[in-house]
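Undergrad: Task: produce atomic coordinates for the following.
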Amino acid sequence: MMKTGILPTVTLAIMAATSAQAREHCEAPIRDWKGREAVRALAEERGWTLGRIKIDDGCYEVYGTDETGRRFEAKIDPATLNVIEIEDRRNHR
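TA: Presented below is the predicted three-dimensional model:
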């Protein structure tokens, strides 16, 4: 039976937390950013209706509704257009 200590588990947890923190901010240079039109095209592909696009922490932050009518806020990498985070906004006013 192979013995494992707590250290590998703790190390993995720290690495995961550090990775998540690193994604709170987007760091792509502005010259590499896709335009707001590309963000709107991404939203259309996903069935989203956008109400607002703004820039926060170097990322696009969009507010809208999905195809089911659920309100959300999404953080999008401006260079890759990868969705970094989506937050349900049903309980926000």
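
Undergrad: Show me the shaky parts of the protein.
TA: For the chain, applying pLDDT under 70 flags the ranges 1-23, 91-93.

Undergrad: Name the nearest residue to the residue most central in space within the chain, ignoring sequence neighbours.
TA: What sits nearest the mean C-alpha location of the chain, by Cα atoms, centre = their mean, is residue 84, with 2.0 Å. Of all residues not flanking residue 84 in the chain, residue 75 sits nearest, at 4.5 Å (Cβ to Cβ, 6 or more residues apart in numbering). Glycine gets a C-beta too; all of them are placed from N, C-alpha and C.

Undergrad: measure the one you found to residue 90 for me?
TA: Distance from residue 75 to residue 90, counting by Cβ to Cβ, to the nearest Å: 18 Å.

Undergrad: circling back: residues touching the residue nearest to residue 84, list them.
TA: Contacts for residue 75 (Cβ atoms under 8 Å, 6 or more residues apart in numbering) come out as 26, 56, 59-61, 83-86.

Undergrad: can you list contacts of stretch 38-49?
TA: For stretch 38-49, the external contacting residues (Cβ under 8 Å, 6+ apart) are 50, 53, 60, 62, 64-67, 72, 76, 81.

Undergrad: The same query, at a cut-off of 10 Å, please.
TA: The contact list for stretch 38-49, computed with Cβ atoms under 10 Å, 6 or more residues apart in numbering, reads 33-35, 50, 53, 60, 62, 64-70, 72, 74, 76, 78, 81-83.

Undergrad: I appreciate the help and will end here.
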